[in-house]
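Chemist: dropping the sequence and predicted coords here.
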Amino acid sequence: MKPNPEKTNEEVFDEYAKLVKEKFAMLKLKGVDIDHLRDSIGATINEDMSDSELFSKLTIITQRLKDGHSTLTGDTVFYYDFTVGQPVAYDHDMLFNNYLDPAIESGYVTEYKDAQGRPDYFVGYLPLNPDVAYLRFPSWILDITDDGIEDVFKKISNYKGLIIDLRDNGGGDPVLATKFAKYLTDDEVYMGYERFKTGPAEEDTSVSKLFLKPATSDYRFVNKPIMILTDIWCFSATTTFMYSVYPLPNIKFIGYKTGGGAGSVASGILSNGWLWDLSVSEFVDYEGNHWDNGHWPDIEQLIDENNPQVDEVLERAYREIEPLLK
Amino acid sequence: MKSKFIGLTLLFFFIGYYSYSQNKRVNDNYTMINSIYLTAGGIYSDFQDTKFSDLRYSGIGGQLETGFDNYKKAKHYQNVKLSFEYSKEIANSLEISKTTVLDYNLSYKYLWGINNLFFLGAKADILGFNMRSNPNMGNNNLASIMSNHLYVSAMYINENIINEDWCLSINSDLSLISLQDEVPSFGVAYSNGMVENGEVSFDSHDSQLPSYTTGSFHGIWDNFRFFIDFNMEYKKRFVFSYSWQMRRYSSVDNYPATIGVHALKVRFNIANWSK
């Protein structure tokens, strides 16, 4: 075995720079010259620096990766905030007070709660159009079984259209997101591929082609119009869900650009105990689009924060779907 | 009261059987000796996976084994063994690195007698699973190795090392070929075989577990595994052992992972019989 690494500032910096160079899968996509960063920042590292000063130096690299999955955790957590300066396409109070509140009549949305009693997901329809089902998933960490997913699609099977509200969904379990996506297709569909790092050199990668396979169910929601609401907070497993259904012709995205986070994440510990996360893969769809910098919707629509009574994204989705209902 | 009665009955039964089996165990050149045993001990383990870090993890834990021996002097020795190890490891005194390690192994060994003292043969893992868990490690909080090895094995045995009450045996196993898959791969917490073969999918969580179907074969040069143990048996009943095992494998060139385990154990032959 090799001896334990020293915890000197220089060694910790070199260790992190090496990890980024060898494991981060999107240096080219993100335009990062890691050798230049290592040399230029490395020249400023010395053993007199405090932990917080060293942490700041390392996070210059983290910031340059422009990847919400890549974080560094010491006494604080540092991550690239991809939402800074982005316009708003979702407001929690606006949606709940005006559309999802149980006191509102002529709509019927069931709020499913997790084991701790927290809101988990929403199934039903809104007053805007009783022929259009409404699903809302604030996360892909849901307290739901395979039978529960089947039950969701059984409940909405007779509706003529569907709106899936994924705004503010920062991700969770990509397998769970894929299980839901499988209910939206009758045929196996090629989505694209995920390229994984398999070794230290830039060319050390492998490609896994990804296919969306139909769910084994009588309640697949297919051949009907579907609008998916997105915003900048749609990230990680939500991106998995979105690129899974992107090839389906009956689906349109509406709202604002997503946050991305299409890659898979690895985690580890530096020799001084700081935790790192890095994206070690990238997804490229069947048209050659990289999803990691976010995906623009088919229909761009923001909310008007000065008008808290109306969720413009939601209402636009209803206006867009209504002519398509059969 | 009822449980005390059952306990005493079992104790008497056990003592009676112990005496009977000792008398029955006659060791000569024509006798085949069988033993069923339980082993318990303490371990000191080491780990380093240079794919992720040069941090060396080490810690202490325990080991339990149960098995069956079948031995005929100068003729053959065979053994089936199920072992379980548990340890807690830490690296560089970092609390955040605390890792729980579990290891399961089921193996079968058959050796042919060369003469009264030496045996030579093979051992095969029927099941081999090693799991490391650290909840602080985000997506890489669970690492696991599924591996089956085929070993060349040797045994030295001296049934009268001090007097006829004491028997010394030294066993060693060297892996020649292995079938192995592990999670994580070079980076991501998916099966290395699935990543390398381009088989990752989000259809299920299968990608997050190692599997024999996605494993690959390795020779001694990139998956070295060696066991050696020194055993002193006393009156055919107790065995005091020291064992050491080392494994070193590389799923990525120049980034080896190394595991070492030292163990001090006491074995108790629950049942001995001969024919």
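Modeler: Alright, I've got the coordinates. Numbers count the residues shown, from 1 in each chain, chains lettered A, B, ... in the order given.
Chemist: where along chain B do the helices fall?
Modeler: B:2-24, B:192-196 (DSSP state H).
Chemist: and chain A, by the same measure?
Modeler: For chain A, helices defined by DSSP H occupy the ranges A:9-23, A:34-42, A:51-64, A:92-95, A:146-155, A:174-181, A:237-245, A:312-321.
Chemist: what's the last one in contact with?
Modeler: To tie it back to what came earlier, the one meant is helix A:312-321. Under the criterion C-beta atoms under 8 Å, 6 or more residues apart in numbering or on different chains, residues A:89-90, A:95, A:99, A:126, A:128-129, A:132, A:161, A:163, A:165, A:167, A:225, A:227, A:229, A:231, A:252, A:254-256, A:299, A:301-304 lie in contact with helix A:312-321. No exception for glycine: its C-beta is placed from N, CA and C like everyone else's.
Chemist: equivalent analysis for the shortest one, please.
Modeler: Here helix A:92-95 makes contact (C-beta under 8 Å, 6+ apart) with A:165, A:168, A:303, A:308, A:309, A:310, A:311, A:314.
Chemist: for the third one, same thing?
Modeler: Residues external to helix A:51-64 that are found in contact with it (C-beta under 8 Å, 6+ apart): A:9, A:12-13, A:16-17, A:20, A:30, A:32, A:34, A:37-38, A:41, A:44-45, A:49, A:70-72, A:74-76, A:78-80, A:272, A:274.
Chemist: try 6 Å this time
Modeler: With C-beta atoms under 6 Å, 6 or more residues apart in numbering or on different chains as the test, helix A:51-64 has contacts from A:9, A:16, A:20, A:32, A:37, A:41, A:70, A:72, A:74, A:78, A:80.
Chemist: equivalent analysis for the first one, please.
Modeler: Contacts with helix A:9-23, where a contact means C-beta under 6 Å, 6+ apart, come from A:5, A:34, A:38, A:42, A:45, A:47, A:49, A:54, A:58, A:61, A:197, A:200, A:270-272, A:278, A:280, B:187.
Chemist: ok now stretch A:234-241, how far from the chain's centre?
Modeler: In terms of C-alpha atoms, centre = their mean, to the nearest Å, the centre of stretch A:234-241 is set 3 Å apart from its chain centre.
Chemist: weakest of the helices of chain B by average pLDDT?
Modeler: The minimum mean pLDDT among the helices of chain B belongs to helix B:2-24 (a mean of 50).
Chemist: and the helices of chain A, which one is worst for confidence?
Modeler: Looking at the helices of chain A, the bottom one is helix A:92-95 with a mean of 92.
Chemist: which parts of that one are buried?
Modeler: A:94, A:95 (16 or more other C-beta atoms under 10 Å in any protein chain shown).
Chemist: picking up where we left off before, so which of the helices of chain A is nearest residue B:99?
Modeler: Proximity to residue B:99 (C-beta to C-beta) singles out helix A:9-23 among the helices of chain A, at 18.8 Å.
Chemist: okay, the angle between that closest one and helix A:51-64?
Modeler: If you take axes from the mean of the first three to the mean of the last three C-alpha atoms, to 10 degrees, helix A:9-23 sits at 20 degrees to helix A:51-64.
Chemist: in helix A:9-23, what's buried?
Modeler: By neighbour count with 16+ other C-beta under 10 Å, helix A:9-23 contains the buried residues A:9, A:11, A:12, A:13, A:15, A:16, A:17, A:19, A:20, A:21, A:22, A:23.
Chemist: what angle do it and helix A:34-42 make?
Modeler: Counting by the same axes, to 10 degrees, helix A:9-23 lies at 170 degrees to helix A:34-42.
Chemist: using CSV, list the CA coordinates for helix A:9-23.
Modeler: C-alpha atoms of helix A:9-23 as CSV (Å, rounded to 0.1, in the frame of the first residue of the first chain):
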residue,chain,number,x,y,z
ASN,A,9,-1.9,22.5,1.6
GLU,A,10,0.0,21.8,-1.6
GLU,A,11,-0.8,18.1,-1.5
VAL,A,12,-4.5,18.7,-0.8
PHE,A,13,-4.6,21.1,-3.7
ASP,A,14,-2.8,18.8,-6.1
GLU,A,15,-5.0,15.9,-5.0
TYR,A,16,-8.2,17.9,-5.9
ALA,A,17,-6.8,19.2,-9.2
LYS,A,18,-5.8,15.6,-10.2
LEU,A,19,-9.3,14.3,-9.2
VAL,A,20,-11.0,16.9,-11.4
LYS,A,21,-8.7,16.2,-14.3
GLU,A,22,-9.1,12.5,-14.2
LYS,A,23,-12.8,12.1,-13.1
